[in-house]
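1. curious how this folds, go ahead:
(chains A and B)
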Amino acid sequence: MALKLFNTLTRSVQEFTPLDPQKKKVGMYCCGPTVYDFAHIGNWRTFVFADLVRRTLEFSGYDVTHVMNITDVEDKIIKRVREQKTTLREFTGKFEAAFLDDLKALGCREPHQKPRATEHIAEIIALIEKLVARGVAYKAADGSVYFSIEKYRGCGCCYGQLLKLNLDEMRAGERVASDEYEKESVADFALWKARVPDDGEVFWPSPFGEGRPGWHIECSAMSIKALGETFDLHLGGEDLKFPHHEDEIAQSEGATGKPFVKYWLHGAHLLVEGKKMSKSLGNFFTLRDLLAKGFTGREVRYLLLTAHYRETFNFTLDGLAGAKSALSRIQECLSKLLEFWDNEIGEINVPIDSRDEIALKKFTEALQDDLNISQVWGVVFEWIRELNRSLAQEILSKNSAASALATWKRMDGVLGLSLSLKSALRMNEVTGVAPSGILAEVRGDEEAPPEIRSLLMQRIEARKAKDFKRSDAIRDELKAKGWVIEDTPKGIKLKKI
RNA sequence: GGCGGGGUAGCCAAGUGGUAAGGCAGGGCUCUGCAAAAGCCUCAUCCGUCGGUUCGAUUCCGACCCUCGCCUCCA
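-> Down below sits the predicted model:
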């Protein structure tokens, strides 16, 4: 079965076939952040979605080149640079670094290329010159250069490939009135914005005069540079369909005369607590806000990946708490498998059980069906339950445990949870001596500090002496310190909450 | 006004022309000295409302109600 994806260009689910004649290399471009502030949870949904697409392609055997731009020059950025009396580089550098930290915390693979707009001014100018030469762009009285939709259409090109546009029926909107630029037509958009006093030191020389790039042109210039004039996949949030992506198509196809992108993928927005996220409603979260509440990037990633990417998703704090429990179930099962396998998790060379083969087959089918991630989780949790049943009945062989672990590694290549593959700390109840090789904790890879270990030993002594009052008091104390104890038939388990 | 998504259990969320995956929460049970953020089991006669097509619809068609998004800052 082949990978199928919903292509906005055709408004249908299509089989994915790379442009590469060898059907191996895939070029993928995702509209990245505008680094004027910390990215919010809505932005993250899109980037986690892009990561899922990339991982799915890699899982399917493709050699992916993932490009994500950094928009580091733009109206809001310039405004804040001016207000904070700082430099463009200093201002954007801070938010770019924060963005990359967050991306990592969410378990996203780092894009292979992260081109900055300000470092591609030459490419941008060259592209604009091409459009001017082809007669689809013009310089206005204010010194700015605009793209002419009318001229573009006059060349037989199609403006409005991603959605039905009826420019006459569309409301001009209040925003157009506030647009002081001198365009020939309201639909036209800026390729190069002439320098104005408020821009301060943010400007570059160009054949059209001093100024800076328009918003859309950077993506055309950088994606073409990195991936060629025609490439496989371009993704972004659904709000970018128009005007951003539509304009990208117009600029790129207007300049090259070739089809720009084969598959356009758009991720839906999210609601927070059932409402559109807004600062005034108090439901506006950055990743940092959620980490400060004690949640982990992994939990946020899981929650963002519970719903299909083309459906509006309702992100809630309750849901995030639930994500914690759900992940624990998977982690718990993996830990038990590790105890069974009782080996370092390196290369596992055992035959794969049919149970695992079936699960992996269902997993793959769901994933390839336009990334039906909800169904993927269904497969994962049913598989976990089956394993738990076998573990509880003690009918699982060592090799089966290893097979399951190898299967999980394969699945996690797509899910990106990177759960700990170390066993829980387990102590022999009688001797109080930890068996060698099993010394990490379930959640996170944190070693228990001496104080916690000492309390654990004291509790073991108390239990040996049947002093259950003291034993329970220590258990409560440990819990208050963030460590939970489980007495299992095989020994005592210590877990970080 | 134009265009496009949605309404499935307490919450989140898949799915199908033949009678509803999964997760969280809840309930029951098991293990346990007692516990457990441990495991198992259980949990929608029903899929916004009303009509229609059909042997049969939550799934197809029509109308209506509600809701969300885009329409030149936007993930």
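
2. next, the contact list for the residue in chain A positioned nearest to RNA strand B, please.
-> Relative to RNA strand B, the nearest point of chain A is residue A:237 (1.3 Å; CB to the nearest atom of the strand). For glycine as for every other residue, the C-beta is placed from the backbone atoms N, C-alpha and C. With contacts defined as CB atoms under 8 Å, 6 or more residues apart in numbering, the neighbours of residue A:237 are A:31, A:42-43, A:46, A:266-267, A:269.

3. could you dump the residues you listed to a markdown table with neighbour count and secondary structure?
-> Supplementary listing: the contacts of residue A:237 in a markdown table, determined by neighbours: other CB atoms under 10 Å; DSSP: H, G, I helix; E, B strand; the rest coil:
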| residue | neighbour count | secondary structure |
| --- | --- | --- |
| A:31 | 22 | coil |
| A:42 | 21 | helix |
| A:43 | 19 | helix |
| A:46 | 27 | helix |
| A:266 | 22 | strand |
| A:267 | 27 | strand |
| A:269 | 15 | coil |
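
4. ok, so of those, who is nearest residue A:197?
-> Comparing the contacts of residue A:237 against residue A:197 with CB to CB places residue A:31 closest, at 29.9 Å.

5. secondary structure element for the closest residue to the closest one other than its chain neighbours?
-> Leaving out its chain neighbours, the residue that sits closest to residue A:31 by CB to CB, 6 or more residues apart in numbering is residue A:236, at 3.9 Å. Element membership for residue A:236, per DSSP states H and E: strand A:231-237.

6. direction included, what does that strand pair up with?
-> Using DSSP bridges, the neighbouring strands of strand A:231-237 in the sheet come out as strand A:25-30 (parallel), strand A:261-267 (parallel).

7. can you list the buried residues in whatever helix or strand residue A:49 lives in?
-> Residue A:49 is part of helix A:41-59, with elements assigned from DSSP H and E. Buried residues in helix A:41-59, counting neighbours by 16 or more other CB atoms under 10 Å, are found at A:41-59.

8. just these that are near RNA strand B?
-> Intersecting these with the surroundings of RNA strand B, defined as CB under 7 Å from any atom of the strand, gives A:42-43, A:45-46.

9. follow-up on the earlier one: angle of the strand holding residue A:236 against helix A:41-59?
-> Strand A:231-237 and helix A:41-59 are oriented at 150 degrees to each other (axes from the mean of the first three to the mean of the last three CA atoms, to 10 degrees).

10. got any ranges where chain A has weak pLDDT?
-> A:1, A:166-182, A:342-347, A:422-447 (pLDDT under 70).

11. domain ranges for it?
-> With automatic domain parsing as the criterion, the domains of chain A are listed as A:20-267, A:287-415, A:425-496.

12. CSV for the ones you listed, including distance to residue A:6?
-> Converted to CSV, these look like this (distance: least, CB to CB, whole Å):
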stretch, distance to residue A:6
domain A:20-267, 7
domain A:287-415, 5
domain A:425-496, 36
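
13. residue A:280: which of the ones you listed is closest?
-> domain A:20-267 (14.1 Å).

14. off-centre distance for that closest one?
-> With CA atoms, centre = their mean, to the nearest Å as the basis, the distance from the averaged C-alpha position of domain A:20-267 to the chain average is 19 Å.

15. start to end distance for it?
-> With CA to CA, to the nearest Å applied, domain A:20-267 spans 25 Å between its terminal residues.

16. stretch A:392-402 now?
-> Here the two ends of stretch A:392-402 are set 17 Å apart, with distance taken as CA to CA.

17. would you mark the buried spots in that stretch?
-> Using 16+ other CB under 10 Å as the test for burial, stretch A:392-402 gives A:396, A:400-402.

18. in helices only, show me those.
-> A:400-402 (DSSP state H).

19. in CSV, list the residues you listed along with distance to RNA strand B.
-> Conversion of these to CSV gives the following (distance: CB to the nearest atom of the strand, whole Å):
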residue, distance to RNA strand B
A:400, 16
A:401, 15
A:402, 19
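
20. of the residues you listed, closest to residue A:159?
-> residue A:402 (56.8 Å).

21. my guess is the closest one contacts residue A:353. True?
-> No - between residue A:402 and residue A:353 there is no contact under CB atoms under 8 Å: 9.4 Å.

22. what's the burial count for residue A:268?
-> 17 (other CB atoms under 10 Å).

23. likewise the one 5 residues further on?
-> Neighbouring residues of residue A:273 were enumerated by other CB under 10 Å; the total is 14.

24. need the contact list for the closest residue in space to residue A:28 that isn't next to it in sequence.
-> Distance criterion CB to CB, 6+ apart; nearest residue to residue A:28, sequence neighbours excluded, is residue A:233 at 4.3 Å. For residue A:233, the set of contacting residues under the criterion of CB under 8 Å, 6+ apart consists of A:26-29, A:53, A:261-265.

25. one more time with 7 Å
-> Taking CB atoms under 7 Å, 6 or more residues apart in numbering, we find residue A:233 in contact with A:26, A:28-29, A:263, A:265.

26. three-state assignment of residue A:495?
-> On the three-state scheme (DSSP: H, G, I helix; E, B strand; the rest coil), residue A:495 is labelled strand.

27. same question for residue A:327.
-> Following three-state DSSP, we place residue A:327 in the helix state.

28. separation between it and residue A:320?
-> Plainly put, residue A:327 is 11 Å away from residue A:320 if you go by CB to CB, to the nearest Å.

29. same question, residue A:80
-> With CB to CB as the criterion, residue A:80 and residue A:320 are 30 Å apart.

30. circling back to that earlier point, tabulate the contacts of residue A:237 (CSV), appending distance to residue A:68.
-> Below are the contacts of residue A:237 laid out as CSV (distance: CB to CB, whole Å):
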residue, distance to residue A:68
A:31, 8
A:42, 17
A:43, 12
A:46, 11
A:266, 16
A:267, 14
A:269, 19
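
31. in the stretch 351-497 of chain A, mark out all the strands, start to finish.
-> When secondary structure is read from DSSP state E, counting those that start in this stretch, the stretch 351-497 of chain A shows strands at A:425-427, A:483-488, A:491-496.

32. just send those back as TSV, with mean neighbour count and distance to RNA strand B too.
-> Rendered in TSV, the data for those read as follows (neighbours: other CB atoms under 10 Å; distance: least, CB to the nearest atom of the strand, whole Å):
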stretch	mean neighbour count	distance to RNA strand B
strand A:425-427	21	12
strand A:483-488	15	3
strand A:491-496	20	7
